[in-house]
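Trainee: Just to be clear, the model below is a prediction. Sequence and coordinates:
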Amino acid sequence: MTLTTLQLSNSGQSVAFREAGKGQPVLLIHGVGMQSAAWGPQFDALSTHCRVIAVDLPGHGGSDRLPSSSQLSDFVVWLHDVVSALNLGSVAIIGHSMGALIAAGFAVEYPNETSRVALLNGVYCRDASSRAAVIKRAVDISAGRVDLETPLSRWFGDGPGDQTARAQVAVWLGSVDQEGYAVAYSAFAQGDAAYADKMSRISCPFLALTGDGDPNSTPAMSEAMVAAVQNGRAVVIQGHRHMVNLTAPDTVTEHLVEWLGQSAEERIAQ
């Protein structure tokens, strides 16, 4: 996956991305602290069917960071800049974690430019205790108090597949730009309800997928999002946690290929 850099026309910022394949455009957005390489298994598989673009979030990988006061809506505007600069037209968007929040916001704000949207390990309307905990983590990260062990322990189990993925994720987390990480995590902490009351606007084929062992992006959240949109489906992968695209890559890719191939009429008929 060769990394390419593009200057956005509206903001003048640089965005880094990886691209392969031909056909319908599919945009992949990773989670906070990660980079576009985290989509490796899906990138390779989907690019045999589609034109796949995996972007580095602002302040991650090779992309310029957003200002320190940025909220989720600013990341959604940034994504629209990316879609416009790449001249993608109507695009299928797959987001993981923070990327899922951005993808949902884009589908709400730009329905005519969203052909379908998939949220992997998406967060939706946290309860009070979970919200307080994630906001505290955002404050700690902004103050330079970064604890990598806690999220890694939460995201991965003890199996060999989990441990292999954990080692790679630890490298990405350990190399992320700390200011960019802090900006994105703050938006992530505050963003779970940003578009919650507008989800009913999403009428394109919608997939919410998570692991049954994910304590923060729970199966109940996926079900709630599906209930809120017009044309959704929830999938729960048994025996997996937050980095399900890396720990169950084949299963996740199979669901994504099916979702990409079905029309809205076929999805409604299920």
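Mentor: Nice, I can see it. Residues are numbered from 1 along each chain as shown.
Trainee: Contact partners for residue 3?
Mentor: 16-18, 36, 56, 61-62 (C-beta atoms under 8 Å, 6 or more residues apart in numbering). All C-beta spots, glycine's among them, are computed from the backbone N, C-alpha and C.
Trainee: same check, this time on residue 45
Mentor: Counted by C-beta under 8 Å, 6+ apart, residue 45 has contacts 253, 257.
Trainee: Which of the contacts of residue 3 fall within strands?
Mentor: Among these, the residues falling in strands (DSSP state E) are 16-18.
Trainee: Make JSON lines from those and add neighbour count and distance to residue 230 to it.
Mentor: As requested, those are arranged in JSON lines below (neighbours: other C-beta atoms under 10 Å; distance: C-beta to C-beta, whole Å):
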{"residue": "16", "neighbour count": "19", "distance to residue 230": "34"}
{"residue": "17", "neighbour count": "23", "distance to residue 230": "30"}
{"residue": "18", "neighbour count": "22", "distance to residue 230": "32"}
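Trainee: Which parts of the stretch 51-200 of the chain are helices?
Mentor: With helices called from DSSP state H, counting those that start in this stretch, the stretch 51-200 of the chain shows them at 72-85, 98-109, 128-142, 149-155, 160-175, 178-190.
Trainee: Residue 207: which of those helices is closest?
Mentor: Closest to residue 207 of the helices of the stretch 51-200 of the chain is helix 98-109 (C-beta to C-beta; 10.4 Å).
Trainee: got the angle for that closest one vs helix 72-85?
Mentor: Here helix 98-109 points in a direction 80 degrees away from that of helix 72-85 (axes from the mean of the first three to the mean of the last three C-alpha atoms, to 10 degrees).
Trainee: In a strand, residue 23, correct?
Mentor: No - counting by DSSP: H, G, I helix; E, B strand; the rest coil, residue 23 falls outside a strand, being coil.
Trainee: residues contacting the closest residue to it other than its chain neighbours?
Mentor: The spatial neighbour of residue 23 that comes closest, neighbours along the chain excluded (C-beta to C-beta, 6 or more residues apart in numbering), is residue 50 at 4.7 Å. Going by C-beta under 8 Å, 6+ apart, residue 50 touches 21-26, 92, 260.
Trainee: Do you know the pLDDT at residue 50?
Mentor: pLDDT for residue 50: 94.
Trainee: what separates it from residue 251, distance-wise?
Mentor: 19 Å (C-beta to C-beta, to the nearest Å).
Trainee: next one: residue 189
Mentor: To residue 251, residue 189 is 29 Å away according to C-beta to C-beta.
Trainee: neighbour-wise, which of those two wins?
Mentor: residue 189 (24 against 16; other C-beta atoms under 10 Å).
Trainee: Give me the distance between the two termini of stretch 218-237.
Mentor: Terminal residues of stretch 218-237 are spaced 11 Å apart (C-alpha to C-alpha, to the nearest Å).
Trainee: Can you give me the buried ones in that stretch?
Mentor: Buried residues in stretch 218-237, counted by 16 or more other C-beta atoms under 10 Å: 218-219, 221-226, 228-229, 232-237.
Trainee: among those residues, which are in strands?
Mentor: Counted as lying in strands by DSSP E, out of these, are 232-237.
Trainee: okay if I get these as a markdown table plus distance to residue 196 and pLDDT?
Mentor: Below are these laid out as a markdown table (distance: C-beta to C-beta, whole Å; pLDDT from 0 to 100):
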| residue | distance to residue 196 | pLDDT |
| --- | --- | --- |
| 232 | 14 | 97 |
| 233 | 19 | 97 |
| 234 | 16 | 98 |
| 235 | 20 | 98 |
| 236 | 20 | 98 |
| 237 | 24 | 98 |
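Trainee: Of all pairs in these, which one spans the longest distance?
Mentor: Longest span within these, C-beta to C-beta: 232 and 237, 16.8 Å.
Trainee: How about the contacts made by residue 111?
Mentor: Neighbours of residue 111 in contact, by C-beta under 8 Å, 6+ apart: 201-204.
Trainee: Now the buried members of those residues.
Mentor: Those of those that meet the buried threshold are 202, 204, by 16+ other C-beta under 10 Å.
Trainee: which of the contacts of residue 111 are the two that sit furthest away from each other?
Mentor: By the measure C-beta to C-beta, 201 and 204 form the most distant pair in these, at 10.2 Å.
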